[in-house]
Structures are given as C-alpha cells and as structure tokens.
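Visitor: Sequence plus the predicted model coming up.
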Amino acid sequence: MDLPHDQTNGIQQRRRVGLVYDERMCRHSTPDNEPHPENPNRIRAIWNRLVSAGITQRCEVFRAKEVEDKYIAAVHTNNHINLIKTISSKKTPSQRNRAAAKYNSIFFNEGSSESAYLAAGSVLEVTEKVAKGELNSAFAIVRPPGHHAEENEPMGFCLYNNVAIATSFLLNQKELGINKILIVDWDVHHGNGTQKMFWKDPRVLFFSVHRHEHGYFYPAGDDGSHFMMGEGPGLGYNINVPWENGQCGDADYVAAWDHILIPVAKEFKPDIILISAGFDAAIGDPLGGCRITPNGYAILLKKLMEFSSGKIIMALEGGYNLTSIANSVLACVELLLEDKPITESFDVYPFGSTWRVIKAVREELSTYWPILADKLPENLTSRVAPLVPTYSSESDDEYDDGSNALPEDLQEDVTIPLSKLKLTEDTHDADQVTAAASQAWRSELSKIDVWYASFGSNMSESRFLCYIEGGQVK
Ligand SMILES: [Zn+2]
C-alpha cells in the first residue's frame, strides 16, 4: 500500500487516521431535552477539543453515512430494526415515551432513528476503510452508543450495537480477508450486547473490562462475570475482567492488559481490532467512579497498536464528564497519528482486589490460553494500593485508596470531592478548598442526580443514595 511520506522525514511514514463526526447525531436527545448524562454535548465537546488542538487537520474527516438495514440484520432482529426505524415517526412524544418505557435506560425523540443509523453507519464506514488499507486507523465520534444493545432489545442508552454491526460486516465480506477480530471494550460497563452476539464465534475474541461488583453494577447480573467465557466453538473467546470495586485507575488497567489481554492477543493474532471506547472509566466521570487518565488511555491503546499492523477502529461508547472524555479522546487520536513515546510509570500500584480478579481470570482461562497458566510472581502481586472507605458511613461498599494514590498533577478538582466530599452543608470547620470543591461537585452533578432520581439508578443502592444526598436532591 502506498502511504504518503512525511516531507520532513523521508523514512517515516505518516499515519492516515480517519475521524467521523456529524452534528446530525446531536438530534437524538431526551424528549423535552431533560438533563441526561448521554446528551449531544458529549460528541460536541470531543469534536471541539480535537479542533482546538489542531488534530482534525491532520486526520481524514468523514461525515456520517446511514447504515443499510441488511448490515444491521446480521446482529439484530427485524423487530428491533422496525422499532428503531419507526420510533422517530411516531406522532406524539407520549407514544415514543410509552415505547421507551418498555426498555431499560432508553429514551427516544424525533431524532433518535436518524442518529442510530448514522452512528452504526459511521463505525461501519471507517471500519471498511481500515480493513481495505485506505486508513491506518480511525476514531468514530458517535452517539447513541452501542455495546449494551442486544439482538432484540435496546438498553443502557444504546439503540444499535455499532461495533457488533461493523464486526459482522467484516466477517461477511470475505474479500477483505479479515478472519480474526479482537474487540476490546474498555467502557466502565460490561458490553453485554456484544458478548451475546459473538458468544459462540471463535473468529471474534471479545474482551471486556468493567466494574462488576459481584453483579451489582450496571448492567447487573452474572453476564459480566469472569466465568462467562463463551460456548461451543467460541469457548475461551469471551474474556471478562470484572472489577470488584470502583476507583480503578491506570495501574489496574495496565495490569489487566499486561497479564491477560496482551498475552492472549499475542496468541490470537487479530487481523484487526475494534475498541468499544467508552470513557466512563476516566478520571472525573460521574457515573464510572474510576480514574483512568488521558495518558493511561494512551498507554492502553499503544499496547494494542503492536497487533494487526496497527489496524484499529475506535468507536465512542459511554463517558459523561465532558472534559474527561474530550481530553481522553485527544490523547488517543494523537497516539494514532504519531507513535510517540509514552511514560509508563505510576506512583501507585493496583489494588489487592485487582490482583485477585486478574488471578481468577487467568486461572479460569488457562484451559483455553495456556500462556495464562503460569502463577504471577508474589513480589509483583504483593505490591498493592490500600483501599480505604471514601464517602461516609452510609456507603459501606465505596472505597478510595486515599489522596496519595494519584500524582499531584492528576488531582483535578473533580477528584477532590470524591475523596473529601462532605455530605452536609455544614462546612464551617472544613477548609475552604474542600468546601469550594464540594460545592462545585454538587452544582456540576446535580442535574445528573435529578436524572437518577427520575429515571432510576444504574448503581448499587448505597452509591445511589450517596449521589442523591450529596446533590441535595429530595
Ligand atoms: Zn458505560
């Protein structure tokens, strides 16, 4: 394949990186624009950040294209397609609301159908271009997200499973020569829809790392547990890394990469990689409660670029702190453009629970991936970050590893409240910084708290109550 050479350096090849963004995907919203974490400003914030950083000029930018029904039908039922296709043409908002109420964490408005078709079409289009070698890699800045959407059911803000549709497209277009696909789902939530769609398929290695909390974190239940490994010929090709607690950060994710994902990927040798790139495990995210930094995402991505000749397609899933998602996507696209060195040194170790999960996953999978059979050295797994309670005595299951766990420059104001938050208004004795941060936290998140109060929680009860009380919502 001919690649244009960098004019300043005749040896180094310039990477061709695709970006898809289309304002029409902002038309999908809550019926009366009620506050909601999955709102149009998410993709606008990402796009604006890339523009201001001068990144869009260095990429090949595409407008979205609607996906054809025949490609959706490879992973969704006709009933599901009919629902999404016709939902926006319903005459009244109340008809759409009644339809949405049948599903878990779903909203519809007059723009929902178009946005869903554009999101799936965008991911498919750049996936085809990367597979054909017209692009080295791509980032699809799309919404609605997709990884929770199941064969016959939209859920968790997801209408069509964008990544699954693109994956089946690759498998069905034999002339593309793509036989093995790795899907990495680093959204903080389990990719339940994608898991089910390729459950028995050994051509697709599905890896999801997510908060699980023994089945209490959204989408609750056993689907995201580590013993869900696929079935029939697909057995061993479904890998779940289920965190037992929040607050997981760069060190925890890198450990999961180094000791599970990367060794397995070396054996699997994918022809192409799709990333279900949610950024709700990013530091500062109000729903995720984890703390991956932009540099942390770049490290995770760089480790994946060693495979499939760097053919990687990233598709936006969740992520609800506008600053966090914008900075995280920027770090990723910069890395896709230029293989710059990245610092991989942390002041913190993984949690003890992280090593416990990693050991359990390795043991369970070692039948199918013998490379995971070796015991991890004790001097590695004995170095852990301490877990200490975070919020209040009411939140028994929330932990923090203390403010010392993050380097100073990573302690953005959004993280201060998570470690020092006071749940009462009585701040007379608190130092002013903490009080101001506490107020900022409340005003920033109160709309989301209202949403939780109105539409139900995605989280365990104690965390739900913590948000409600912290946001002063009655
Ligand atoms: Zn998510």
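Guide: All right, it came through fine.
Visitor: Next one: I342 from the ion, what distance?
Guide: For I342, the distance to the ion equals 24 Å [C-beta to the ion, to the nearest Å]. Quick note: C-beta positions are derived from backbone N, CA and C, even for glycine.
Visitor: For that residue, report the pLDDT, please.
Guide: pLDDT for I342: 83.
Visitor: Next: the one 3 residues further on.
Guide: Looking at S345, its pLDDT reads 73.
Visitor: do the same with the one 3 residues further on
Guide: You'll see V348 listed with a pLDDT of 85.
Visitor: how much space is there between it and H214?
Guide: 24 Å (C-beta to C-beta, to the nearest Å).
Visitor: With neighbour numbers in mind, choose between those two.
Guide: Ranked by neighbour count (other C-beta atoms under 10 Å), V348 and H214 place V348 first, with 20 against 13.
Visitor: Am I right that the more buried one is in contact with Q247?
Guide: No: judged on C-beta atoms under 8 Å, V348 makes no contact with Q247 at a distance of 10.3 Å.
Visitor: Please point out which parts of the helix or strand hosting L336 sit buried.
Guide: Using DSSP states H and E, L336 sits within helix 322-337. Applying a neighbour-count criterion of 16 or more other C-beta atoms under 10 Å, one finds 322, 324-337 buried in helix 322-337.
Visitor: and stretch 291-302, which residues are buried?
Guide: R291, I292, T293, P294, N295, G296, Y297, A298, I299, L300, L301, K302.
Visitor: now V126, nearest residue through space, not along the chain?
Guide: A138 (3.6 Å; C-beta to C-beta, 6 or more residues apart in numbering).
Visitor: roughly how far is the helix or strand where that neighbour lies from the heart of the chain?
Guide: Assigned by DSSP H and E, A138 belongs to strand 137-140. Mean C-alpha position of strand 137-140 versus that of the full chain (C-alpha atoms, centre = their mean, to the nearest Å) differs by 15 Å.
Visitor: Run through who's touching it.
Guide: 15, 17-20, 119, 122-123, 126-127, 129-130, 162, 277, 305, 310-316, 329, 332-333, 336 (C-beta atoms under 8 Å, 6 or more residues apart in numbering).
Visitor: likewise stretch 84-92?
Guide: With C-beta under 8 Å, 6+ apart as the test, stretch 84-92 has contacts from 69, 96, 99, 108-114, 116-117, 154, 159-160.
Visitor: Give me the subset of those residues lying in helices.
Guide: Among the contacts of stretch 84-92, the ones falling in helices (DSSP state H) are D69, R96, A99, S112, S113, E114, A116, Y117.
Visitor: least confident pick among those residues?
Guide: Lowest pLDDT among these: A99, 90.
Visitor: What is the neighbour count of that residue?
Guide: For A99, the neighbour count with other C-beta under 10 Å is 16.
Visitor: re earlier: contacts made by the following helix or strand past the helix holding L336 with the rest, please.
Guide: Downstream of helix 322-337, the first helix or strand assigned by DSSP H and E is helix 352-365. Applying C-beta under 8 Å, 6+ apart, the contact partners of helix 352-365 are 226-227, 229, 236, 239-245, 248, 251-252, 255-256, 259-260, 264, 350, 372-373, 376, 381, 384-385, 387.
Visitor: Quick check: which of those are also close to the ion?
Guide: Counting by C-beta under 5 Å from the ion, nothing from those sits close to the ion.
Visitor: In strands only, show me these.
Guide: Using DSSP state E, the subset of the contacts of helix 352-365 located in strands is I239, N240, V241, P242, W243.
Visitor: wait, isn't the first one in contact with F207?
Guide: Yes: applying C-beta under 8 Å, one finds I239 in contact with F207, separated by 4.6 Å.
Visitor: Can I take it that D285 is in a helix?
Guide: No: counting by DSSP: H, G, I helix; E, B strand; the rest coil, D285 is not part of a helix but coil.
Visitor: Next one, pLDDT for it please.
Guide: Looking at D285, the pLDDT reads 95.
Visitor: what's the burial count for the residue lying closest to it once chain neighbours are set aside?
Guide: Distances taken as C-beta to C-beta, 6+ apart place N321 nearest to D285, at 4.8 Å, with adjacent residues excluded. Other residues within reach of N321, judged by other C-beta under 10 Å, total 26.
Visitor: Tell me who's in contact with N321.
Guide: A282, G284, D285, P286, V414.
Visitor: Show me what from this structure comes close to the ion.
Guide: Within the chain, the positions near the ion by C-beta under 5 Å from the ion are D187, H189, G278, D280, G318.
Visitor: With pLDDT, secondary structure and neighbour count as extra columns, can I get those residues in TSV?
Guide: Formatted as TSV, the residues of the chain next to the ion follow (pLDDT from 0 to 100; DSSP: H, G, I helix; E, B strand; the rest coil; neighbours: other C-beta atoms under 10 Å):
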residue	pLDDT	secondary structure	neighbour count
D187	98	coil	26
H189	96	coil	29
G278	98	coil	26
D280	97	coil	26
G318	97	coil	28
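Visitor: Just give me the closest of those residues to T77.
Guide: Proximity of the residues of the chain next to the ion to T77 (C-beta to C-beta) peaks at H189, which lies at 22.7 Å.
Visitor: does L205 count as helix, strand or coil?
Guide: Per three-state DSSP, L205 ends up strand.
Visitor: Might one say that it is in contact with K266?
Guide: No: taking contacts as C-beta under 8 Å, L205 lies outside contact range of K266: 11.7 Å.
Visitor: out of these two, which sits in the more crowded spot?
Guide: Comparing L205 with K266 by other C-beta under 10 Å, the one with more neighbours is L205, at 26 against 12.
Visitor: Quick one: residues contacting that one.
Guide: Neighbour list for L205: K180, I181, L182, I183, Y237, I239, V264, A265, F268, P270 [criterion: C-beta under 8 Å, 6+ apart].
Visitor: For the second one, which non-adjacent residue is closest in space?
Guide: Translated: I181. Distance criterion C-beta to C-beta, 6+ apart; nearest residue to I181, sequence neighbours excluded, is V204 at 5.1 Å.
Visitor: Can you verify my assumption that the one you found contacts I178?
Guide: No: counting by C-beta under 8 Å, V204 does not reach I178; the two are 10.5 Å apart.
Visitor: shaky segments in the stretch 1-150 of the chain?
Guide: Residues of the stretch 1-150 of the chain meeting the criterion pLDDT under 70: 1-13.
Visitor: Distance-wise, check P270 relative to K200.
Guide: From P270 over to K200 (counting by C-beta to C-beta), the distance is 18 Å.
Visitor: Between the two, point out the one with more neighbours.
Guide: Neighbour totals were compared for P270 and K200, and P270 leads with 22 against 15 (other C-beta under 10 Å).
Visitor: For whichever residue of the stretch 101-250 of the chain sits closest to the ion, give me its contacts.
Guide: Going by C-beta to the ion, the ion is nearest to H189 of the stretch 101-250 of the chain, at 3.6 Å. With contacts defined as C-beta under 8 Å, 6+ apart, H189 is in contact with H147, H148, G156, H210, R211, F217, Y218, P219, G278, D280, G318, N458.
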